[in-house]
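**Q** coords please:
(chains A, B, C and D)
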There are 2 protein chains.
Amino acid sequence: MADVAQAAEVSTQTVSRALRDPRSVGPETLARIEKAVRETRYVQNYAASHLASNRSMTVAAIIPTISTSIFAETIQGLTDVLLPEGYQVFLGHTDYTTAREEALVRSLAGRRPDGFFIIGTKHTQEATDILKRTGVPVVESWSWTPRPIDLLVGFSNAAAMMEVVDHLVARGYRRLTFAGMIKPGDHRAKDRLKGFLDAHGRHFPGVEPRVVTTTSGPMVMEAGVELLERVRRDHPETDAVVFASDVLASGALLKCAALGVRVPQDLAITGFGNYDIAAHLVPGLTTIAIASRTIGMEAARLLLRRMQGEEVAARMVDVGFQLLARGST
Amino acid sequence: MADVAQAAEVSTQTVSRALRDPRSVGPETLARIEKAVRETRYVQNYAASHLASNRSMTVAAIIPTISTSIFAETIQGLTDVLLPEGYQVFLGHTDYTTAREEALVRSLAGRRPDGFFIIGTKHTQEATDILKRTGVPVVESWSWTPRPIDLLVGFSNAAAMMEVVDHLVARGYRRLTFAGMIKPGDHRAKDRLKGFLDAHGRHFPGVEPRVVTTTSGPMVMEAGVELLERVRRDHPETDAVVFASDVLASGALLKCAALGVRVPQDLAITGFGNYDIAAHLVPGLTTIAIASRTIGMEAARLLLRRMQGEEVAARMVDVGFQLLARGST
DNA sequence: AGCGATAACGCCACCGCTAACATCTCCGTT
DNA sequence: AACGGAGATGTTAGCGGTGGCGTTATCGCT
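**A** You can find the predicted model right below:
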């Protein structure tokens, strides 16, 4: 910056001003500085800027995994709103483990982001403490809680799952089985199971609910195939399988086609998430659509407002969900 | 840090040392400092550390989009190797536009990462200049070029596509059509088309190659459905459709099932990428498998070695590809 | 006992930039 | 002509750490 200042024959302070708010310097001074920046190929050092101004112009985002396109859309929404405002997004993934989440929160907090975005509402005590003490806005998401750390953009996974069960019962299915991958740190999957159990208890009081789960492994279609096989072996009376994710449901649905199991006559199948594939499968997959991109965008808007010093009226935003009934039920 | 130093009754310098290399301080001093860190809930400020030490402990990663799980795996591989070494990954996506790539390179360079990872080998002159002048290692990937900026971990998209064509011809298909989404900044898709055209010219000299493309829109299965419809309308003689991506091919394959078009008897279909879905479709999708995760891990290892001051012998790593012949051909 | 080597720790300057305040210039107003 | 105000620019003092070097204590060896 000193080189630029010298080339433009101004002080470094004026260069700094020209870069952060071009209107705050005279027009021909600005032109000289811009020319000098180009000629010296100057690239600003944000670390120094951060240290001096106490604003990092970054937002930390913590997601369970990036391999799942549904969270990717949320991140895409988040960055699409934040980038034009000059904020960079620091992304970390936890692989659904709380230990890694805590380490990540600590590490990211060390970068002093101006805001946090995190998927989920359940964290370790330590992680929660750090998030609360950073002094910057925090958005939790993709779940629901009456008492968020700070801000919340989410929906009730349990309520969504209840709607799936209601739908199946309305269509005449009576012997439902829940199938899902429930990793230790995946509270959203747990909420979905809870929703299933609640609704099942409501519709079929006294009937033992059928549940088949795995607790580890990659979230791929093959896992859905394996869950389907366990359902057919352990609960052959099942007439509808409620999967915790579209990925699993898709694997199962395609397997049914290969096995000659007719969907939805022999077996109904539901998913969760409305992934790209859901509408294209034959038959189409009944599922819950989540406004994944909207969550990211809404979170970004809340963060922006708070980072710019404004108050936000609604600290909790329920983006809801939508049941999409397709051929698989 | 001053608070910690006071609580532990040492100088800040000793605290700093304890944090960056615990063995460099006495054992009971270390214990006092660790206790003080916990009690004061101290979280290190990496911005200051970065400024003073001239190492940011970050790596910048630039990818076209995060919504595509195949790049996500590469990033997962990258972070899985870098995180244990204390490096954070700064992720930016370009949406396949060169203008945005340039802006992103500039912005990320301002964060002074200790290394760059970028997908693709074709960038604007300006972006290339910045990358070269940063003085830190740069890994380009997912493509191939004889003259990378610095390091390269990739494969030849064109060669992979030629293998697909060779395979189809060997299976007896004669009227091939290429179908793909080729966004302006997507040089990998262009390479795939080039590979198709080369192989087609080799097998069918003098025959006009059939090509159907779109240049914009989201990369979703619906786009594959639309491409399939255009192929069937504009080139009804086609007996094999070579898609530039598994996403498109999957959409088309599922659509064929819905339309009653028999695959591979009436129409063969190939994809690219070996996405999760490819093996589960009925029939299975013939495609090119890319060691997506390996690319990220290998890139991370190269970066690490260079960031730790070592030289790397092989600056260019060809991870290759593998044709997976399945039922769709 | 004297010496040098080593380990443990402290002091100082500085990393590159910006907040806050000071200064200067140029107006329009009275 | 004197004055006040606004806009443009410069000066100063850090932001929170770390590199480099100096100091002190300890210990083994001659």
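**Q** How about residues contacting stretch A:211-223?
**A** A:65, A:67-68, A:177-184, A:193, A:196-197, A:226-227, A:230-231, A:234-235, A:245, A:247-248, A:250-251, A:254, B:276-277, B:279-280 (Cβ atoms under 8 Å, 6 or more residues apart in numbering or on different chains). Bear in mind the C-beta positions are built from the backbone N, C-alpha and C, glycine included.
**Q** Filter the residues you listed down to the buried ones and hand me the PyMOL line.
**A** Those of the contacts of stretch A:211-223 that count as buried under 16 or more other Cβ atoms under 10 Å in any protein chain shown are selected in PyMOL with:
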select buried, (chain A and resi 65+67+68+177+178+179+180+181+182+183+193+196+197+226+227+231+235+245+247+248+250+251+254) or (chain B and resi 276+277+279+280)
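**Q** Just the contacts of stretch A:211-223: which are in helices?
**A** A:193, A:196-197, A:226-227, A:230-231, A:234, A:247-248, A:250-251, A:254 (DSSP state H).
**Q** just curious, which of those is nearest to DNA strand C?
**A** residue A:247 (44.4 Å; Cβ to the nearest atom of the strand).
**Q** That closest one contacts residue B:277, correct?
**A** No: the pair formed by residue A:247 and residue B:277 falls short of the contact definition of Cβ atoms under 8 Å, at 9.3 Å.
**Q** Near DNA strand D, which residues of the stretch 101-250 of chain A are found?
**A** Neighbours of DNA strand D within the stretch 101-250 of chain A, by Cβ under 7 Å from any atom of the strand: none found.
**Q** Find the residue ranges of the stretch 201-329 of chain A scoring beneath the pLDDT cut-off.
**A** By pLDDT under 70, the stretch 201-329 of chain A has no low-scoring segment.
**Q** Report the separation between residue A:71 and residue B:215.
**A** As judged by Cβ to Cβ, to the nearest Å, residue A:71 and residue B:215 stand 28 Å apart.
**Q** more neighbours, the two?
**A** Between residue A:71 and residue B:215, residue A:71 has the larger neighbour count (other Cβ atoms under 10 Å in any protein chain shown), namely 24 against 11.
**Q** Nearest residue to that one in space, please, no chain neighbours.
**A** Closest residue in space to residue A:71, ignoring its immediate chain neighbours: residue A:63 at 4.7 Å, by Cβ to Cβ, 6 or more residues apart in numbering or on different chains.
**Q** what do you get for residue A:8?
**A** With Cβ to Cβ, 6+ apart as the criterion, residue A:8 has its nearest non-adjacent residue at 3.9 Å, and that residue is residue A:36.
**Q** Then residue A:188?
**A** Distances taken as Cβ to Cβ, 6+ apart place residue A:157 nearest to residue A:188, at 5.0 Å, with adjacent residues excluded.
**Q** Work out for me the element the residue nearest the centre of chain A sits within.
**A** For chain A, the residue sitting closest to the mean C-alpha position, by Cα atoms, centre = their mean, is residue A:71 at 4.2 Å. Using DSSP states H and E, residue A:71 sits within helix A:69-82.
**Q** Flag every buried residue along that helix.
**A** Neighbour counts over helix A:69-82 (16+ other Cβ under 10 Å) mark A:69-79, A:81-82 as buried.
**Q** tell me which of those residues is nearest to DNA strand D?
**A** Nearest to DNA strand D among these, with distances taken as Cβ to the nearest atom of the strand, is residue A:82, at 23.8 Å.
**Q** Would you mind naming the helix or strand containing the spatially closest residue to the closest one that is not a sequence neighbour?
**A** Nearest residue to residue A:82 in three dimensions, chain neighbours excluded: residue A:300, at 5.0 Å (Cβ to Cβ, 6+ apart). Assessed by DSSP H and E, residue A:300 sits inside helix A:292-307.
**Q** angle of that helix against helix A:69-82?
**A** 40 degrees (axes from the mean of the first three to the mean of the last three Cα atoms, to 10 degrees).
**Q** thinking again about what came up before, distance of the residue nearest to residue A:82 from DNA strand C?
**A** 22 Å (Cβ to the nearest atom of the strand, to the nearest Å).
**Q** Quick one: residues contacting residue A:327.
**A** Going by Cβ under 8 Å, 6+ apart, residue A:327 touches A:263-264, A:282-284, A:286.
**Q** With residue A:306 instead?
**A** So residue A:306 contacts A:115, A:137, A:151, A:312 (Cβ under 8 Å, 6+ apart).
**Q** closest to residue B:163 among those?
**A** Relative to residue B:163, the closest of the contacts of residue A:306 is residue A:115; by Cβ to Cβ it sits at 47.0 Å.
**Q** Let me see the contact set for the closest one.
**A** Residue A:115 makes contact with A:59-60, A:87, A:136-139, A:303, A:306-307 under the criterion Cβ under 8 Å, 6+ apart.
**Q** what does the stretch 51-200 of chain A have sitting close to chain B?
**A** A:51, A:56, A:65-69, A:72-73, A:75-76, A:79, A:88-93, A:106-112, A:129-130, A:133 (Cβ under 8 Å from any Cβ of the partner chain).
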